[in-house]
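**Q** next one to model:
(chains A, B, C and D)
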There are 2 protein chains.
Amino acid sequence: MTEDPRPAGAPTLEDVARAAGVSRATVSRVVNGVRNVDPVIQESVRQAVAATGYTPNRAARSLVTRRADSIALVVSGAGDDSAEDPADGPPEPADSPPDASAVGPDGANNSFTAHVFADPFFGRVVAGVVNYLRPRGMYPVLMFAETSRARDEVVSYLRQGSADGALVVSTHAEDPLPALITDAGLPAVLYARPARPARISYVDLAHQDGARLAAEHLLARGCRRIATITGPLDVPAGQDRLAGFRDTMARRGHPYIPIAEGRFTQESGETAMERLLAEHPDLDGVFAANDLMAVGACHVLREHGRRVPEDVAVVGFDDSSAALACRPPLTTVRQPVEEMAAEMARLLLDRLAGPDRSVTSVIFEPSLVVRGSA
Amino acid sequence: MTEDPRPAGAPTLEDVARAAGVSRATVSRVVNGVRNVDPVIQESVRQAVAATGYTPNRAARSLVTRRADSIALVVSGAGDDSAEDPADGPPEPADSPPDASAVGPDGANNSFTAHVFADPFFGRVVAGVVNYLRPRGMYPVLMFAETSRARDEVVSYLRQGSADGALVVSTHAEDPLPALITDAGLPAVLYARPARPARISYVDLAHQDGARLAAEHLLARGCRRIATITGPLDVPAGQDRLAGFRDTMARRGHPYIPIAEGRFTQESGETAMERLLAEHPDLDGVFAANDLMAVGACHVLREHGRRVPEDVAVVGFDDSSAALACRPPLTTVRQPVEEMAAEMARLLLDRLAGPDRSVTSVIFEPSLVVRGSA
DNA sequence: CCGTGCCGGGAGAGCGCTCTCCCATGTGCT
DNA sequence: AGCACATGGGAGAGCGCTCTCCCGGCACGG
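**A** Numbering: from 1, shown residues only, chains lettered A, B, ... in the order given. So this is what the prediction gives:
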């Protein structure tokens, strides 16, 4: 082939401009709705766009605007520790070859990714984020960061401008990712207050208030021998829910509350319930720090011949889909995850729009959803 | 210094080249590992890269390579019908108003996105895709396509080069999205065979074989009055699972099998089980076409005083997290969703790498996982 | 000794877009 | 009239990268 100016490539601004008999700049102005353009010309440009089937090339636009118009949604946390690599390993070549093999059958820590979505919580976060982003023509890039290598990749992804900022949901306490991101001067918003204070915006729930709702409900129901299955006590959500629960109970004349620590999984809830039941066979109320553990508790209670809620009342936390899937359906403290996730996206987009680098946090109020279990 | 060439922007190839005392082209060659470069120079470039903290700008690279190095993961299907537009109805104005009212505060069909992840299935797909993509330095962009407007946006997103191809998971039968994408000449791979044949690659499960496993297991267990809760009968998975089940049962001397149609949700499983129980109070075995419905069935059975598995054996399908969350844990037909999703990603990447436009499909074999419910 | 390769490096032309200038018109005021 | 100024359009310079050329150097064979 000597020369073929129109091989198969998508139409460009230039093509549209030619078709409409105007300049590239004018077409660009019409397409982006910027500045005043004569209505007549506007119309002819519109027609030319339609006629050529023009779609702006995002890479070209990004190159000059320096915006990817895309954000990363990062689920961060620790996978199984066996897969965790040392923080600062050998000085790897800056850019690893495209075919980075080396880590497991498919290179990654699959157990983490596989289990994340077993918790309905993350699905709700995704839904909330997507619902906010979508009307704005944006879609999140889904990333996981459970190893230091993966964290570096997230930072690198952001640094190369593939996304303008990050929404980070951490699953454990000492997550180094937020610091990594902000240190690199990249915009990010967290779901939930970080374990150690940092200059970073976040959305969170008034966990203590939620726990108070649960305590008051159990007491109002007439429960008198109440225990709680806590979340992991190294994360703020776990701590706060316990603190709020204990506090309220103490205030109501129950200074001592048996507790068993769980890990927010159904299985850990079962174990915790077994332990609690062994030590306090006469309990009549349980507050589990999330629904998954509450479901586990219900199973164990039933296996031990206790009826829920007649013998033992159970209150969960989150109002996740697990709460409804369970029999009886769980009475639970609702966490408006979707709205919180949407707010998180809003905060990030605001930050991206205006460079007023204010760090804010938005705290949501929980509410009690009374169903069958208590 | 007369000028200040380093304002605040990230270092570019040019900067690295200057630092290493070579040309842009050479740095590019080193970074991309293409062509031979003198080892000595290579090393000095590496150091310059490290010293400057260089990260290639993705937009610039995409612009010239015409690859986004990114793919879309699209969950496609019908939201609540109220928001869905007729399949081939009146020639609707191409663009419905941006603020399609009647569908939530933020203009989108939130109920769809909110419910998608209530099914643990989608989380597994995401995990499988991410696990395959991640070692290759790619991350999926998450999109939903449940309205014609959303579908157009997906196509447009792909057309503007924001992603190189799409992985499509449909939730209902007559999904127009795959056709839309392939008509636009865009690469895509489906999860599950499309309802109407199309020139498009897909991965799928040998549903009939799975149903056979379930049937044989129930029969081997001694069940004789067996019913089935089917999936929606307008989707191939629903049809095939029923066909396989009926076929095996007929072959084994059970030509008539009571059926009740569900919609793959726990609630529909409950309704179906109620119906089945009302009409056939003496049944002793149930095959539910997915785990969610099986869980619903278990609940209803228990409420009607039937013990699982002693009185009625229940077999599910999928081996989703719901199977383990349930008491007793579900005996179920395992669908290797993660592997299938990874394969789907592999097919797409292969297609993107080599333009040998072969359309292939890969069918996975299910296996039976025996747990407590049957 | 001069071709003929090959090998490793540089020059430079774009990729498609945005956006700053700049210029040709109006339009209103002195 | 003369001038200031707003208005709307075009020209063109890049954004940071890849990749095709091209060219100098060196080894080899005739």
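**Q** so which bits of the stretch 1-150 of chain A are right by DNA strand C?
**A** Contact residues (CB under 7 Å from any atom of the strand) of the stretch 1-150 of chain A with DNA strand C: A:9-10, A:12-14, A:24-25, A:28, A:31-32, A:34, A:54-57, A:60-61, A:63-65. Heads up, the C-betas are built off the backbone N, CA and C, glycines and all.
**Q** what about 6 Å?
**A** Residues of the stretch 1-150 of chain A lying close to DNA strand C (CB under 6 Å from any atom of the strand) are A:9, A:12-13, A:24-25, A:28, A:31-32, A:56-57, A:60-61, A:63-65.
**Q** and the residues you listed near chain B, which?
**A** For chain B, the contacts drawn from these by CB under 8 Å from any CB of the partner chain are A:56, A:57, A:60, A:63.
**Q** quick one: least confident of the residues of the stretch 1-150 of chain A next to DNA strand C?
**A** Among these, residue A:9 carries the lowest pLDDT, at 70.
**Q** pretty sure that residue is in a helix, no?
**A** No. Counting by DSSP: H, G, I helix; E, B strand; the rest coil, residue A:9 is not part of a helix but coil.
**Q** so, low pLDDT: which residues of chain A?
**A** Within chain A, the segments meeting pLDDT under 70 span A:1-8, A:79-109, A:355-357.
**Q** who does the residue nearest the centre of it bridge with?
**A** Closest residue to the average C-alpha location of chain A: residue A:169 at 4.1 Å, with CA atoms, centre = their mean. Using DSSP bridges, the beta-bridge partners of residue A:169 come out as residue A:75, residue A:191.
**Q** correct me, but it touches residue A:122?
**A** Yes. Shown here, residue A:169 and residue A:122 form a contact pair, counting by CB atoms under 8 Å, at 7.0 Å.
**Q** which residues of the stretch 251-374 of chain A lie near chain B?
**A** So far as CB under 8 Å from any CB goes, the stretch 251-374 of chain A lies against chain B at A:266, A:295, A:299, A:302, A:303, A:321, A:322, A:324, A:325, A:327, A:338, A:342.
**Q** only whichever of the residues you listed are buried, select them in PyMOL.
**A** To isolate the buried subset of these in PyMOL, counting by 16 or more other CB atoms under 10 Å in any protein chain shown, use the following:
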select buried, chain A and resi 266+295+299+302+321+322+324+325+327+338+342
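**Q** same list, the residues of the stretch 251-374 of chain A next to chain B, but as TSV with distance to residue A:196 and secondary structure please.
**A** What follows is those, written out as TSV (distance: CB to CB, whole Å; DSSP: H, G, I helix; E, B strand; the rest coil):
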residue	distance to residue A:196	secondary structure
A:266	29	helix
A:295	32	helix
A:299	36	helix
A:302	40	helix
A:303	40	helix
A:321	32	helix
A:322	30	helix
A:324	36	helix
A:325	36	helix
A:327	41	coil
A:338	28	helix
A:342	26	helix
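**Q** which of the residues of the stretch 251-374 of chain A next to chain B sits closest to residue A:250?
**A** Taking CB to CB as the measure, residue A:250 lies nearest residue A:295 of these, at 27.6 Å.
**Q** spatially nearest residue to that closest one (excluding sequence neighbours)?
**A** Excluding the flanking residues, the one nearest residue A:295 by CB to CB, 6 or more residues apart in numbering or on different chains is residue A:326, at 4.9 Å.
**Q** what number of residues lie near the one you found?
**A** Look at residue A:326: counted by other CB atoms under 10 Å in any protein chain shown, it has 27 neighbours.
**Q** for it, give me its contacts.
**A** A:291, A:294, A:295, A:298, A:373 (CB atoms under 8 Å, 6 or more residues apart in numbering or on different chains).
**Q** do residue A:342 as well
**A** A:128, A:129, A:131, A:132, B:106.
**Q** so how far is stretch A:254-266 from its chain's centroid?
**A** Here stretch A:254-266 is found 25 Å from its chain centre; the criterion is CA atoms, centre = their mean, to the nearest Å.
**Q** wait, residue A:54 touches residue A:9, no?
**A** No. In this structure, residue A:54 is not within contact of residue A:9 by CB under 8 Å, at 11.7 Å.
**Q** quick one: the residue nearest to the centre of chain A from chain B, how far?
**A** Note on residue A:169: its distance to chain B, by CB to the nearest CB, to the nearest Å, is 14 Å.
**Q** go on, residue A:130?
**A** Distance from residue A:130 to chain B, by CB to the nearest CB: 5 Å.
**Q** next helix or strand past whichever strand or helix holds residue A:203?
**A** In this assignment (DSSP states H and E), residue A:203 forms part of strand A:201-205. The element immediately downstream of strand A:201-205 (helix or strand, assigned by DSSP H and E) is helix A:207-220.
**Q** tabulate the CA atom coordinates of that next one in CSV.
**A** The C-alpha coordinates for helix A:207-220 follow below in CSV (Å, rounded to 0.1, in the frame of the first residue of the first chain):
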residue,chain,number,x,y,z
HIS,A,207,-20.8,3.1,65.0
GLN,A,208,-21.3,3.9,68.6
ASP,A,209,-24.8,5.2,67.9
GLY,A,210,-25.6,2.0,66.0
ALA,A,211,-24.4,-0.1,68.9
ARG,A,212,-26.5,2.0,71.3
LEU,A,213,-29.6,1.3,69.2
ALA,A,214,-28.9,-2.4,69.4
ALA,A,215,-28.4,-2.3,73.1
GLU,A,216,-31.5,-0.3,73.8
HIS,A,217,-33.5,-2.6,71.6
LEU,A,218,-32.4,-5.7,73.4
LEU,A,219,-33.0,-4.1,76.8
ALA,A,220,-36.4,-2.9,75.7
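**Q** so where do the helices sit in chain A?
**A** Applying DSSP state H to chain A gives helices spanning A:13-20, A:24-32, A:39-52, A:58-65, A:110-116, A:120-133, A:148-159, A:177-183, A:207-220, A:236-251, A:266-279, A:291-303, A:321-325, A:337-353.
**Q** end-to-end on stretch A:21-41?
**A** 9 Å (CA to CA, to the nearest Å).
**Q** now that stretch: how far from the chain's centre is it?
**A** 40 Å.
**Q** domain assignment for chain A?
**A** A:13-56, A:71-89+A:102-204+A:338-366, A:207-334 (automatic domain parsing).
**Q** between the ones you listed, which one is closest to residue B:163.
**A** domain A:71-89+A:102-204+A:338-366 (9.0 Å).
**Q** can you name the residues of chain A sitting close to DNA strand D?
**A** Counting by CB under 6 Å from any atom of the strand, chain A sits next to DNA strand D at A:22, A:23, A:24, A:25, A:26, A:36, A:37, A:38, A:41, A:63, A:64.
**Q** excluding chain neighbours, what is closest to the second one?
**A** I take that to be residue A:23. residue A:17 (5.7 Å).
**Q** stretch A:200-211 spans what distance, first to last residue?
**A** Start-to-end, stretch A:200-211 (CA to CA) is 26 Å.
**Q** what's that stretch in contact with?
**A** A:178, A:182, A:188-194, A:236-237, A:240-245, A:247-248, A:287, A:289, A:317, A:333, A:335-336, A:340-341, A:343-344, A:347-348, A:351, A:359-366.
**Q** give me the neighbour count for the residue nearest to residue A:23.
**A** So residue A:17, with other CB under 10 Å, has 19 neighbours.
**Q** go on, residue A:207?
**A** Residues near residue A:207, counting by other CB under 10 Å: 27.
**Q** does stretch A:157-167 reach DNA strand C?
**A** No. Stretch A:157-167 lies apart from DNA strand C when judged by CB under 6 Å from any atom of the strand; the minimum separation is 13.2 Å.
**Q** which residues sit against that stretch?
**A** With CB under 8 Å, 6+ apart, stretch A:157-167 has contacts from A:62, A:66-74, A:129, A:140-141, A:143, A:154, A:181, A:184, A:186-189, A:191, A:341, A:344-345, A:348, A:351-352, B:10, B:55-59, B:70, B:139.
**Q** let's see 7 Å
**A** A:62, A:66-68, A:70-74, A:129, A:141, A:143, A:181, A:184, A:186-189, A:344-345, A:348, A:351-352, B:10, B:55-59 (CB atoms under 7 Å, 6 or more residues apart in numbering or on different chains).
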